[in-house]
Every structure is written in C-alpha cells, then in structure tokens.
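1. Kindly return the folded structure for what I paste below:
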Amino acid sequence: MQNSKTKLAVIPLLSKKIDLLFPSNASFEIALSTSLKVPQYAKGKISLSKIFTEGVNFVEKYSTRSGISFLSAGSGPKFSHKEEDVWCIDYRGVLTLSVCKDTYNELGLVGKRVAFGKGKSKQGDGRHGVCSRYFFFSHQPRYAITLISNPFSVVISIPLYAKDAESVKIRAHREAALKRWEERRAKEIGSSLWNVLAFSESTSPEELDTALQVLVKDQVAAPFEIVSVRYQKAVLEDVHVPIVRLTPRPQNKLGLNQQEDEDWCETMEGLFEWVGMAGLGATRLNANDRVDPFVAVYQPPSPTRVGTVTHLQWSGFIAPLFVQSLVEFMSHHLVQSLQTDRPDFLSIFSHACTWAPVSYISLKAQTGRTDVRPPLRDPTRDVEDSWCLIATAPQHGASLDVHNAKKCAWVIAESVGKHDSRLG
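-> Reported below is the predicted structural model:
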C-alpha cells in the first residue's frame, strides 16, 4: 500500500461481513470508534418493473449521484438468497440479472451464459475451485486456479441510464419482459414485489428511504427499514500472538531463488492461517493449550508472544466506501500514530455477498456504460469470495523520510471459489 489514498481494487461491490483483528490497543480502538461512521443499509420490497419504468430519472437522481446500489433477497416474508433468479443495480446505473434457464427463455432478452472449465454443458458437481495469490509491494503475483463446470445460468445486463442510446422498441421489449416476469411471480408466490437490500454511499438514511419509496409499486406496501451495522467485539486473552515482520517477496528470476520463495510463501501462509484461526476464536491459540497431539496439532508462526487480541466484526449489507475508509484509516494510523497508540499489526478480512451477479467493478467503468464489463460470475450459493489483508507500520531500518512515511508494509491474499472468472 503506497499511501492512505490508495484505492484497494480487491474490495467487492457488495460485502456481507468485515472483520478487523489486532493485538489489543485501547488508543487505536477509541480512535476507530470515533473516526468511522456507522454503516447503514435499507431493507424493503420494491417492484423491478417499476425500477425499469423510472429508469433514467431514478438512476440520474439517486444511483449515479448518491451511489445507491440494490441487491435482491428473495420474495417471501423473510429475506433470503436461495432463489435461482437474482438481480442487482450498481452505482453505474446498470441492472444485472442472473437467471435460470426457464426464466431466461421466458424473458426473451439477450444474455451471456456463465460456464467455466471443461465440460461446460454439464451440471456442476458441487466441488470448489480455489484461487489464492499473494501481493507485496511491486512484486508480481503467482496464482493457481481450478476451473469447474457449473449449472445453467445466464447473466443479462441492462443499462438503465442509456435511454437515449437505445431505440424505443428495445426498451419496450425489455419493459414488457420484466412485467411478464412479475406477473408469473405473482401467480406463483402471490406477490410480484422483491425483497431488496440497498445502501447509499453519500445520502442520509432519510434521503435513502425517500428514494426507495419512489420505487414502491403500491403505497400499501410496508415502509423500508433502515439498519445500522454496528460491530460486535470479542477479546481473546492469553493467546499466542505472532511478531509480524513483513519482507518483500524474493525475486525468483530463472528459478535461482526457488527455496527462498517457497520459504516466504510458507511464512505468509502461516500468518494467514493464524489470522483465520483467531477470527474463529480457536482454542488452539491459547497459551495454555494442551490438546492431545493425536487429536489436533497446531504450531503458531514463530516468533510469538503471549498477549490479548481484539476482534471486531461488522455483519450486514456493507458498501465498498466503508471498507475503503476502514483500509485508509488503518494505513494512516499505522504510519502516523505513536508506537504506543497503534497495534503491532492489523488484519482485515472480508466476505462478499456471493449470491450477487456482480462481484467487482473496474475502476475504469463509467456511469451508464457496459463497455467495461464486470467479470462473469454465477451467483451459486456455496462459493467462496474473500480476501485478507495484513499490515504493519514501516519496518525497522526503513528511512522515515517524507516518501517512506506515507507507506505501510502489507500483504494480501484472496480466495475465490468456482463460477467466478475474475481471476481465471
């Protein structure tokens, strides 16, 4: 991370859980709670065809200016992500549908089938392909990926902001298709409304509620609920805490430093394993752990000390702006605060909303445009999409001049499951 304004491209469009882990430090925790706004989101019911009808007016007024994004969450009395058909609207003003074969045939809209690896026409077998890679400073990442076949799924992208760029006939065809879809849903489940989750990057909760009311098909519908996402805190006492020293990945030109490279990767894997276990509250980290080695064996990364670890967790529907602000606060605090006022290291790990048809949006994407398309993704429910960042203050021996004072040392790993083309 080169400075506090770095845009972390790994942040997903929609996150469901953010964890922050660090050796306990009261000063840092107080600064965190007073510096960051509490993330909020709205939940309610809206009509998809109403969104399309409002189209340009709504997107121009709210989505592209206020960063409002939507994600469908089922149709029943409870919010769920178990339906085959899902959709979302991102801050570009683009409606993205991910639908099953029957819905696709009924809609009659142009889409792109999502398929990966060998045997694309076959159904998925439930296995997971995992992609992991490490970054450090300017070194090139190395990664491996396994591609697995998947069930039939089609992604349809509709730019709501492009009314003037499309013919009246095309828009009328799309509007009629969405209305037929809602009529079918009304017959099957008794309602054409969708449960939705929504957040805004810049508007207040009141303005967000006003914006959503515009999309309610009938005024009898229940009002939207504004939810504040406050972190839950857990403390792990008397546990093995690694003394983190991050070093650049060894240059491995022509395979001359293969052993050094393997040792570096093994060290990084040990750190990420510790972070994952600490996030789960694993008792194997306890300093007095005396588990039978025939039952479980775990060796924390060396060197370590015995100390206390704080774990903060935000769970809900979380906007990327909050995640970015958390990363910026963390990096700024590591390089600007006194050593006594900051933890020895910080770790953020994030879990994306894997049922969303859009995962990541390129920083080059423009409002209302689909020329820079997001990577294909089949929003299968049993998939993995997470990343973990570990950061420390500038390492000992680094010159703290104006240039280096803006830097903190960091390493990041990503884990992506099947049915996602972002890393493959």
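
2. Number of residues surrounding residue 155?
-> 21 (other Cβ atoms under 10 Å). All C-beta atoms are positioned from the backbone trio N, CA, C, and that covers glycine.

3. how about it, what does it touch?
-> Contact analysis of residue 155 by Cβ atoms under 8 Å, 6 or more residues apart in numbering lists 96, 97, 98, 111, 112, 114, 357, 376, 377.

4. Mind putting those residues into a markdown table with pLDDT and secondary structure?
-> Shown next, in a markdown table, are these (pLDDT from 0 to 100; DSSP: H, G, I helix; E, B strand; the rest coil):
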| residue | pLDDT | secondary structure |
| --- | --- | --- |
| 96 | 89 | strand |
| 97 | 90 | strand |
| 98 | 88 | strand |
| 111 | 86 | coil |
| 112 | 83 | strand |
| 114 | 76 | coil |
| 357 | 86 | coil |
| 376 | 75 | coil |
| 377 | 74 | strand |
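
5. ok, so of these, who is nearest residue 340?
-> residue 377 (44.4 Å; Cβ to Cβ).

6. where's that closest one relative to residue 359, distance?
-> 5 Å (Cβ to Cβ, to the nearest Å).

7. Next: residue 252.
-> For residue 252, the distance to residue 359 (Cβ to Cβ) stands at 30 Å.

8. And for residue 70?
-> 15 Å.

9. ok so, going back, what about residue 377 and residue 359, which has more around it?
-> Using other Cβ under 10 Å, the more surrounded residue of residue 377 and residue 359 is residue 377, with 27 against 22.

10. What segments of the stretch 101-250 of the chain are helices?
-> For the stretch 101-250 of the chain, applying DSSP state H, counting those that start in this stretch gives helices covering 101-107, 168-189, 205-213.

11. Columns mean pLDDT, distance to residue 316 and mean neighbour count on top of those, output as TSV?
-> What follows is the helices of the stretch 101-250 of the chain, written out as TSV (pLDDT from 0 to 100; distance: least, Cβ to Cβ, whole Å; neighbours: other Cβ atoms under 10 Å):
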stretch	mean pLDDT	distance to residue 316	mean neighbour count
helix 101-107	88	28	15
helix 168-189	87	26	15
helix 205-213	68	14	16
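
12. In a markdown table, list those helices along with distance to residue 80.
-> A markdown table is the format used below for the helices of the stretch 101-250 of the chain (distance: least, Cβ to Cβ, whole Å):
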| stretch | distance to residue 80 |
| --- | --- |
| helix 101-107 | 17 |
| helix 168-189 | 12 |
| helix 205-213 | 19 |
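
13. For residue 407, which of those helices is the nearest?
-> helix 205-213 (36.5 Å).

14. where exactly do the strands run in the stretch 1-150 of the chain?
-> 15-23, 40-46, 69-72, 86-89, 94-99, 112-113, 131-135, 143-144 (DSSP state E, counting those that start in this stretch).

15. Residue 393 is nearest to which of these?
-> Of those, nearest to residue 393 by Cβ to Cβ is strand 15-23, at 12.1 Å.

16. Each with direction, which strands does that closest one pair with?
-> strand 304-318 (antiparallel), strand 345-352 (antiparallel) (DSSP bridges).

17. Residue 276 - how many residues pack around it?
-> Counted by other Cβ under 10 Å, the residues lying close to residue 276 total 16.

18. what about the stretch 151-300 of the chain, any weak spots by pLDDT?
-> Low-confidence segments of the stretch 151-300 of the chain (pLDDT under 70): 151-152, 161-166, 202-207, 209-211, 213-223, 253-256.
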